[in-house]
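> heads up, no residue letters with this:
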């Protein structure tokens, strides 16, 4: 029994408590949230995060939000090259790590979304 307790304790101690946990940025006055395969945006809470069957919050960046970091210049920059702007609302889903996070929606229109996004970024 002691070995089992020690093993469980060791496993939980090996997992960082802050993994996937968003932190409020006092200087920015918001929650910096990274959208999977996209940039980082500044939003108000309650933020989409956590693990388990339901998220701790559900707020994600929405259409029109401008990135504050990690903008991919090959996909999301406009012709001026100084900012990225979302062309769709992101959604709160379980991401590849098993935690809840904000993602660009995937559906039958994903290809047209990417074409639209590149067009908006290059020609606006």
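Good, I have the coordinates. Since we're looking at a predicted model, the values are computed, not measured.
> quick one, helices of this structure?
For the chain, the helices defined by DSSP state H occupy 2-14, 110-123.
> now do the same for the closest residue in space to residue 71 that isn't next to it in sequence: its pLDDT.
In this structure, residue 71 finds its nearest non-sequential neighbour in residue 84, 3.9 Å apart by Cβ to Cβ, 6 or more residues apart in numbering. Using the backbone N, CA and C atoms, a C-beta is placed for each residue, glycine as well. We note a pLDDT of 84 for residue 84 in this prediction.
> I'd say residue 84 and residue 72 touch.
Yes: between residue 84 and residue 72 there is a contact under Cβ atoms under 8 Å: 7.4 Å.
> return every residue with contacts to both of those two.
Counting by Cβ atoms under 8 Å, 6 or more residues apart in numbering, the common neighbours of residue 84 and residue 72 are 38, 39.
> I'd like the mean pLDDT over stretch 27-42, please.
92.
> same check on stretch 50-63?
The model assigns stretch 50-63 a mean pLDDT of 94.
> same question for it: list its buried residues.
Buried residues in stretch 50-63, counting neighbours by 16 or more other Cβ atoms under 10 Å, are found at 50, 55, 56, 57, 59, 60, 61.
> now swap in stretch 98-108 and tell me
Quick answer for stretch 98-108 (16+ other Cβ under 10 Å): 99, 100, 101, 102, 103, 104.
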